[in-house]
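1. Predicted coordinates and the sequence they were generated for:
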Amino acid sequence: HRRVRKQWYQRRVRGDAACFYDPVLGRRRVEHHDHAVVSGKLAGENMAGGSTPYHHQSMFWSDLGPSIGYEAIGLVDSSLPTVGIWAQQDASGTIDAEPGESERYEKGVVFYMAENRVVGVVAWNIFGKIPIARQLIASKDQSQDFGKLAKLFDIHAPDTSISS
């Protein structure tokens, strides 16, 4: 009876209600669309006879207006130390890597750290880079060259805002 209940729970409780073990980041509960879709699909496949474990590193996003948005993945937790690398685009469309104090930073990447490695990433006004962030988190790399890591996200590339 206990085995049946355990199998029922493991196979059917997915989505926002599920707490699961993440092989990279440990025990987690993720309340996001990507997690609900992927874990729900996997639960259905496993109920139909499959036995695939859940290893997906889910992401989340938000569009905060016509020209502001972000994509994020991993442990994005305000209690963790962060390193942010930002770029600013001037009126001519040129990216300025070292803007003055009164300049606005239009896009960047924030790395969330734990145990000297990246455990979360927010890409601000940079889209389509979640696969890179997913690989970075999974690698457990302890590199502290954040400028090099930021280059993986093309923060100095021409505009990638959601209004383009």
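-> That came through fine. Numbering: from 1, shown residues only.

2. which regions of the protein sit below the pLDDT cut-off?
-> Under the criterion pLDDT under 70, the flagged ranges of the chain are 1-18, 89-103, 158-164.

3. ok, and the closest non-adjacent residue to I155?
-> Counting by Cβ to Cβ, 6 or more residues apart in numbering, A87 is the residue found nearest to I155 once chain neighbours are left out, at 4.6 Å. Yep, even glycine has a C-beta here, placed from its N, CA and C like the rest.

4. so where does the one you found fall, helix or strand?
-> strand 82-89 (DSSP states H and E).

5. May I have the beta-bridge partners of the most centrally placed residue in the chain?
-> Central residue check for the chain by Cα atoms, centre = their mean: the C-alpha nearest the mean position is that of I73, 1.2 Å away. When bridges are taken as DSSP bridges, the partners of I73 come out as M59, V121.

6. Show me which positions of the lengthiest helix in the chain end up buried.
-> The helix of greatest length in the chain, counted in residues with DSSP state H as the criterion, is given as helix 33-47. Of the residues in helix 33-47, those with enough neighbours to count as buried (16 or more other Cβ atoms under 10 Å) are 34-36, 38-39, 42-43, 46.

7. Distance to G69 added to those residues, as a markdown table?
-> Supplementary listing: those in a markdown table, determined by distance: Cβ to Cβ, whole Å:
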| residue | distance to G69 |
| --- | --- |
| D34 | 15 |
| H35 | 19 |
| A36 | 20 |
| V38 | 21 |
| S39 | 24 |
| L42 | 27 |
| A43 | 29 |
| N46 | 34 |
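
8. isn't S62 right up against H32?
-> No - under the criterion of Cβ atoms under 8 Å, S62 is not in contact with H32, lying 10.3 Å apart.
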